[in-house]
Structure formats: C-alpha cells, structure tokens
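>>> Just a sequence and a predicted model for now, questions to come.
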Amino acid sequence: MSTWLVTGGAGFIGGNFVLDAVGLGVKVVNLDALTYAGNLDTLAALDGDPAHVFVQGDIGDADLVARLLREHRPDAVINFAAESHVDRSIDGPAAFMQTNVVGTLALLEQVRDYWKSLDTSERDAFRFLHVSTDEVYGSLGDTGRFTEDTPYAPNSPYSASKAASDHLVRAFHHTYGLPVLTTNCSNNYGPYQFPEKLIPLVIAKALAGEPLPVYGDGLNVRDWLYVGDHCAAIRRVLEGGRIGETYNVGGDAERANITVVETICRLLDDRSPLPDGSARESLVTYVRDRPGHDRRYAIDASKLHDELGWSPMVTFDEGMARTVDWYLDNAPWVQRVLDGSYRLERIGGVA
C-alpha cells in the first residue's frame, strides 16, 4: 500500500482528493489546520478507516511535519494547504503570506530533509507535488490561453502568495534536487466546496430566494474544472509527471460568471421551484466589482494530455447538474458550515 502525506486534506479539493485516494487503496496521512474552510464533515465517510490518519496541525509546524514524515514514511507529499479566496486576501493579505509562502517554505525544508534520509530506491521513487492555480498567470484578453510558459503576473494578494510558493517549489528542485511536480489548475467546482465561492454561494442564496450577487457586468470568464477531474489529473501527474515540470489542468469549459449563475438558476428551477413559481434569474443583482478583478482565465492543458494522456471527463453541463444535485442532497453539510464562521456575506471590498 502506498502512503501519501496530504496537506490541506479537509478542504474542498484536498478533501475530494483524500476520499478518492483512500477509495483507490492508498493510505493517507491527512494534515490540516482546520481553519474556517477545513471541514471534517467532508471526511465523515472515512471515520474508523485505518487507511486515513487525520492530524490537526499547520504545515508551518516544523516539528510536527518532521514527526509525521519520520513515523509514516510517505512515498509522496501532496500539498493542497493554502488560503485560497481572493476576496479574503483583499481584506487580510497577511494570513495568505503566512500560510502560502512561509508555511510552504517550512514544509519544503522538512520534506527535503526527510527525502535526503531515504535510501536510494526510496529517494528515487519519492515525489513532492504542489497544487497551485492559474491565477498566478494574471489576466487574459479575449483570446489565448495560459500555457506552462506564460510569465507570472499575479494581480491579487492571493495569487501573489501562490506565485511565491510556486517559485519556492521550483527553487528547492533546482537547488537541492528535491523531486517536485507542480500543477496549476483552473476554477474548480463540485461537492464539498465552501459556500463563499461563486457556485455554492449562488446555490445557497438561490434556494433561499435571496438576491444573487454578480460582480461588475458578469462577463468575467473562467475555465471551469470539475473537482473529480482535477483529482484524477493530480494522480496522473504524481504517477508519470516529469520531475521538476509544471502541468496546467483545465476543464476546457470557459464560461462567463453570469452564464454560470443562469445555469444554476435553471437547474434549481427544475429541481426545486420557488413557492411562487418565479424564475430565479430574476434574483440576479449586479454589484460593485471586486478590486483588481481579472477579466479572463483559460487553460491550455495540452501538455498534460500529450505527455500523460489526461483529459477532463465531465462536461460543464454534467458537472453543474451533479453539483446542484449534491448540494440539494446534502443540506445538513451546508447548514453546519453556515452555522459556523460564514453567513454568505460579501467580503473583499476594503480596496
């Protein structure tokens, strides 16, 4: 049985990845600080499973990370741990620098020392995979896509912190020889996403019959990637990716934000109509745009396809239907989140 240390494995993407990995027969040591977006409810299906070892802690805790590496001797470390919401980074950038930059550095130092302690065959097989974002590349115009050679041009405190962490990962490979891999993904969606992000936020508000806030003119475009496809891509890169390389992961599903919102409205109108029978699209409310809002992201994932044979399997329409159905079927999970630190309020307006 392979053993993986997964950091941030109680978050949205990390939690989906852990559920899939354990289901595929991997032992997972799951390190998560359980900040506001970490949720053990996501991992409830693994309660009592000896293949899942959960540890609450911070990637910046060098002694804890060193102990976990020493005790469990993982074959790979997959780093999801990050502060990840642009709006929150506008209100409080320091937390993003602490986790995404300082924390990643501390993690890399401990992983480097552990890797050096392995025997030759273990050292050759070991991998450190860093999960990042397309936002490090900045904003596109009406045409073109981000490739792995696109220059970094982050425009928010969040994306700047992720860009810095990407550079640290690269530096630890070139300086110390650490066998690293980096993935830069487009906008994820699917089950277990914290409801401050666009899709679960709109679902929650639309179910409640509340106004649906859309930034600016609603025409900001993102490449939407179903989280299950993303998890499969990460596993494929971990299995066959070339050491030191970066792989872009995209859903090949560009949609404007307003299109996403309208799609959710139609799906909910069909599945759970409002009591008065009105169309939820009438709830759309355009609000002041986010400061520094990137206009368009689009991913060229041809390197991942050509080298490793990965392509997204879930279309946008299929993925959105699955996602809406999941939130309808898992209202208690959403309510427990909303009973905690978040009340669907707008954040990120301080600029």
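Now that the structure is in, tell me what you want to look at. Numbers count the residues shown, from 1 in each chain.

>>> alpha carbons only for contacts and neighbour counts from here, please
Fine.

>>> need the strands for the protein, in chain order.
Ranges of strands in the chain, per DSSP state E, are 3-7, 27-32, 52-56, 76-79, 127-133, 180-185, 187-189, 212-215, 221-226, 246-249, 254-256, 284-287.

>>> Count the neighbours of Asp20 for me.
16 (other CA atoms under 10 Å).

>>> What about the chain, which residue is the most distant from its middle?
The C-alpha centroid of the chain is most remote from Asp276, which lies 36.8 Å away (CA atoms, centre = their mean).

>>> any idea how far Asn39 is from that residue?
35 Å (CA to CA, to the nearest Å).

>>> one step back: could you dump the strands of the chain into CSV with distance to Glu196 added?
As requested, these are exported to CSV (distance: least, CA to CA, whole Å):
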stretch, distance to Glu196
strand 3-7, 21
strand 27-32, 19
strand 52-56, 23
strand 76-79, 22
strand 127-133, 18
strand 180-185, 19
strand 187-189, 12
strand 212-215, 12
strand 221-226, 16
strand 246-249, 23
strand 254-256, 18
strand 284-287, 16
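
>>> And those: which comes nearest Asp91?
strand 212-215 (16.7 Å; CA to CA).

>>> Touching that closest one from outside, list them.
Strand 212-215 is contacted by residues 202, 205-206, 257-258, 283-290 when judged by CA atoms under 8 Å, 6 or more residues apart in numbering.

>>> quick one: which of those residues is nearest Arg322?
For the contacts of strand 212-215, the nearest to Arg322 is Val202 (15.2 Å; CA to CA).

>>> what does the helix ranked longest in the chain rub up against?
Secondary structure of the chain per DSSP state H: the longest helix is helix 157-176. With contact meaning CA under 8 Å, 6+ apart, helix 157-176 is reached by 83-86, 89-90, 93, 96-97, 100-101, 104-105, 108, 112, 130, 132-133, 135-136, 152, 154, 178-180, 182, 244.

>>> can you rerun that using 7 Å?
For helix 157-176, the surrounding residues in contact (CA atoms under 7 Å, 6 or more residues apart in numbering) are 84-86, 89-90, 93, 96-97, 100-101, 104-105, 132, 135-136, 154, 178-180, 244.

>>> Let me know the angle separating that helix from strand 127-133.
160 degrees (axes from the mean of the first three to the mean of the last three CA atoms, to 10 degrees).
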